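1. take a look and give me a structure for this.
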Amino acid sequence: RYSNVCARCPEQRPVETQFALNCMGEFDLITRYFKRPSQRAVLGVGDDCALLAPTPGMHMAVSSDMLVEGRHFLSTVDPARLGHKALAVNLSDLAACGAEPTAFTLALSLPRIDEVWLEGFSEGLLQLANEHHCELVGGDTTQGPLNICITAFGEVPPGDALLRQNAQVGDDIYVSGTVGDARLALEVFRGLQTLDAKSFESVRTRMEMPTPRIALGLALRAIANAAIDVSDGLLGDLGHILQRSQVGAQIDTTWLQQSNTFGEDAQAAGISPTLAQLPWNKRLEFALAGGDDYELCFTAPVHQREMVHAAAWESNTPVTRIGRITEAQGLVVMDPEGQPITRRFASFDHFA
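-> I've put the predicted structure just below:
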């Protein structure tokens, strides 16, 4: 009956297996689920600080993102998918900067130690980390509401970083992949939309397991003028570029037309076949202001169009030209007939 000794009990008494598991401490948790041999770091998990050795001559890019249960993810999400997304949203920031990932830290607050949950979460987290050769080098764990905060580190050559402030008048505006799927999945969860099982799984995967566009971000160095990752909604995030660059934009919506977005063409048109079947107003709302897409929105000079397409081909990432940067500040969205759309599109706000 008794198969373990609880090292945390003063009398070192034998305890039942289940009780011993519940007595797992903070450092046991870290060692079992998150400690790995250092690969690129000079010193990784297990000391007061990690030690990183940046490549000589490179700039370090740093990004932090926090995911809070009930605000950024549903309590029912598969832990492996949550682990993937927790790192993916940070890697997406590095991609938007044109930085190559090198390492990350994890700060994790848990209501209780749940081995099944930790097994899945760490598996999803570290699998994505391995895909991008991005090493977990430290962090913190504590008891409390489920909260995940990751800080990711990357490298970019001096002068090659993609910034929000460099959009130029006349630049083309592009978006990678497809947008709006995550919002559609959320509406299904809310009971406001219905989809067949296959379509729902497709958009749910986009919501729960976004693809960080690292390869595209690297390929866009010296091609794009400005970039941002689409986390709170396409138009809202584009607005940050416009504000920092002190320019305006005109957005075309012909790429959202149903006639251009079925079958294979949908992947090159900015929206998925599932989203393309929605009514026009829903397509507009979900694609332009949906959020949680983690695609790249970027600007590039007209003379770089061939290079943009080459970067898309090289990174195996579809890109769609959706508008242009204008001198007159402000954001104008045009309907397929070329008339301004007066409707307002509200992007996600963490304090709204």
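2. all strands of this structure, in order?
-> 2-5, 14-16, 59-68, 100-110, 135-143, 147-156, 172-176, 226-230, 248-251, 295-300, 319-326, 330-333 (DSSP state E).
3. where does the stretch 201-350 of the chain have low pLDDT?
-> Within the stretch 201-350 of the chain, the stretches with pLDDT under 70 are 258-269, 346-350.
4. redo that, cut-off 90
-> 257-271, 273, 276, 291, 329, 336-338, 342-350 (pLDDT under 90).
5. before we move on, back to that, tell me which of the strands of the chain sits nearest to Ile271.
-> Closest to Ile271 of the strands of the chain, according to C-beta to C-beta: strand 319-326, at 8.8 Å. Backbone N, C-alpha and C define where each C-beta goes, glycine included.
6. hmm, who's touching the closest one?
-> 167-176, 216, 242, 245, 247-252, 255, 268-270, 299, 305, 308-309, 311-312, 332 (C-beta atoms under 8 Å, 6 or more residues apart in numbering).
7. put the buried members of the residues you listed into a ChimeraX selection.
-> Selecting the buried subset of the contacts of strand 319-326 in ChimeraX, with 16 or more other C-beta atoms under 10 Å as the burial test, is done by:
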select :167,171,172,173,174,175,176,216,242,245,247,248,249,250,251,252,255,269,270,299,308,311,312
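8. can you tell me how far Asp252 is from Ser199?
-> For Asp252, the distance to Ser199 (C-beta to C-beta, to the nearest Å) stands at 26 Å.
9. right, I mislabeled it, should have said Pro111
-> Distance of Pro111 to Ser199, given as C-beta to C-beta: 33 Å.
10. with neighbour numbers in mind, choose between the two.
-> Between Pro111 and Ser199, counting by other C-beta atoms under 10 Å, Ser199 is the more crowded of the two (19 against 12).
11. now do the more buried one, the pLDDT please.
-> Note on Ser199: pLDDT of 94.
12. who are the neighbours in contact with it?
-> Ser199 makes contact with Thr274, according to C-beta under 8 Å, 6+ apart.
13. how near is it to Phe189?
-> Plainly put, Ser199 is 14 Å away from Phe189 if you go by C-beta to C-beta.
14. what of Leu296?
-> Using C-beta to C-beta, Leu296 is found at 26 Å from Phe189.
15. quick one, which of the two is more surrounded?
-> When Leu296 and Phe189 are compared on other C-beta under 10 Å, the one with more neighbours turns out to be Leu296, at 28 against 13.
16. you'd agree that one is up against Ser231?
-> No: at 10.8 Å, Leu296 does not count as touching Ser231 under the criterion of C-beta atoms under 8 Å.
17. burial count for Ala215?
-> Using other C-beta under 10 Å, Ala215 is surrounded by 18 other residues.
18. thought it was touching Ala312?
-> No: contact criterion C-beta under 8 Å: Ala215 and Ala312 do not qualify, at 9.9 Å.
19. residues contacting Val203?
-> 181-182, 184-185, 188, 195, 272, 274-275 are the contacts of Val203 under C-beta under 8 Å, 6+ apart.
20. could you rerun that using 10 Å?
-> When contacts are counted by C-beta atoms under 10 Å, 6 or more residues apart in numbering, Val203 is found next to 178, 180-188, 193, 195, 272, 274-275, 286.
21. which of the residues you listed tops the neighbour count?
-> Top of the contacts of Val203 by neighbour count (other C-beta under 10 Å): Gly180, with 31 neighbours.
22. phi, psi for that residue please.
-> With angles defined as degrees, to the nearest 10, Gly180 sits at phi 100, psi -20.
23. one more: Ala224?
-> Per degrees, to the nearest 10, the backbone of Ala224 is at phi -80, psi 150.
24. what about the nearest residue to Phe286 once chain neighbours are set aside, distance to Pro212?
-> The shortest distance from Phe286 to any non-neighbouring residue, by C-beta to C-beta, 6 or more residues apart in numbering, is to Gly180 (3.7 Å). To Pro212, Gly180 is 18 Å away according to C-beta to C-beta.
25. so what's Val89 up against?
-> Counting by C-beta under 10 Å, 6+ apart, Val89 touches 63, 65-67, 72, 148, 150, 152, 210, 212, 229, 231, 292, 294.
26. so Leu242 sits against Ala226, correct?
-> Yes: counting by C-beta atoms under 10 Å, Leu242 touches Ala226, with 9.4 Å between them.
27. give me the common contacts of these two.
-> By C-beta under 10 Å, 6+ apart, Leu242 and Ala226 have these common neighbours: 164, 167, 173, 299, 325.
28. and the third one, what are its bridge partners?
-> Spelled out, that is Ile173. Note on Ile173: beta-bridge partners by DSSP bridges are Thr299, Gly323.
29. list the contacts for it?
-> Contacts for Ile173 (C-beta under 10 Å, 6+ apart) come out as 167, 226, 234, 238, 241-242, 249-252, 297-300, 320-325.
30. again, but for the first one
-> By C-beta under 10 Å, 6+ apart, the contact list for Arg164 reads 96-97, 226-228, 237-238, 240-245, 299.
31. what sits closest to it if chain neighbours are left out?
-> Counting by C-beta to C-beta, 6+ apart, Arg244 is the residue found nearest to Arg164 once chain neighbours are left out, at 4.2 Å.
32. can you get me a residue count around that neighbour?
-> Neighbourhood size, Arg244 [other C-beta under 10 Å]: 15.
33. what touches both of Ala215 and Ala312?
-> Common neighbours of Ala215 and Ala312 (C-beta under 10 Å, 6+ apart) do not exist.
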